[in-house]
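Participant: Curious how this folds, go ahead:
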Amino acid sequence: MTTNRARAYGRVMTLIDELGPAKLHADEQQAIRDAADALLFALDVSSNPDAKDALDNLDQLMDRLVASDRVISETADTILDAVEACGPATEPLPLPLPAAA
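Facilitator: Numbers count the residues shown, from 1 in each chain. Sure, this is the predicted structure:
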C-alpha cells in the first residue's frame with residue numbers, strides 16, 4: 001500500500017460520510033467500502049477476482065443510483081474515481097509505433 005492509495009481510501013470514506021444516509025442506504029455505503037477495501041489491498045486488479053467483482057458491483061450500483069436519480073452522474077464518477085485510486089496504479093498501454101515509410 002502506498003501513501004497515495006491510503007489518501008484515496010480516506011477520500012472514499014469522506015465521500016461516504018458526506019453523502020451519508022441522505023443519498024446512500026447502509027448496504028450501498030458498505031458496497032463502496034468493500035470495493036475500496038478490495039482495491040486497497042490488491043497487488044493487481046486483473047488477477048484478483050475479489051477486486052474485479054467489487055469494482056463490477058460498484059459500477060452496477062452507481063449505474064442504478066444514477067438511473068434512479070438518487071445521485072448525479074458526476075457524483076457517481078467521483079465515487080468510482082476515488083475507489084479506483086485506492087488500487088494499484090495501472091500502466092498506460094504503449095502507443096503503437098508509426099509505420100516505417
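Participant: give the contact list for the nearest residue to Ile72 once chain neighbours are set aside.
Facilitator: Leaving aside its sequence neighbours, Ile72 sits nearest to Val66 (CB to CB, 6 or more residues apart in numbering; 7.1 Å). Every C-beta, even on glycine, is put in place using the N, C-alpha and C of the backbone. Counting by CB atoms under 8 Å, 6 or more residues apart in numbering, Val66 touches Ile72, Ser73, Ala76.
Participant: now swap in Thr78 and tell me
Facilitator: Per CB under 8 Å, 6+ apart, neighbours of Thr78: Leu15.
Participant: element containing it, please.
Facilitator: helix 73-84 (DSSP states H and E).
Participant: just Leu19 next, same as before
Facilitator: helix 3-23.
Participant: mean confidence score for that helix?
Facilitator: Mean pLDDT, computed over helix 3-23, is 93.
Participant: repeat for stretch 83-99
Facilitator: On average, stretch 83-99 scores 71.
Participant: confidence score at Pro49?
Facilitator: 88.
Participant: Report the separation between it and Asp56.
Facilitator: 10 Å (CB to CB, to the nearest Å).
Participant: tell me the contacts of the residue nearest the centre of the chain?
Facilitator: Closest to where the C-alpha atoms of the chain average out (CA atoms, centre = their mean) is Val83, at 2.8 Å. If a contact means CB under 8 Å, 6+ apart, then Val83 has Ala8, Val12, Ile32, Ala35, Ala36, Leu39, Leu55, Leu58 as its contacts.
Participant: Pretty sure the fifth one sits against Val12.
Facilitator: Looking back up the chat, that one is Ala36. Yes: with contacts counted by CB atoms under 8 Å, Ala36 reaches Val12, the gap being 4.4 Å.
Participant: which of these two has more neighbours?
Facilitator: Ala36 (28 against 25; other CB atoms under 10 Å).
Participant: That concludes my questions; thank you for your assistance.
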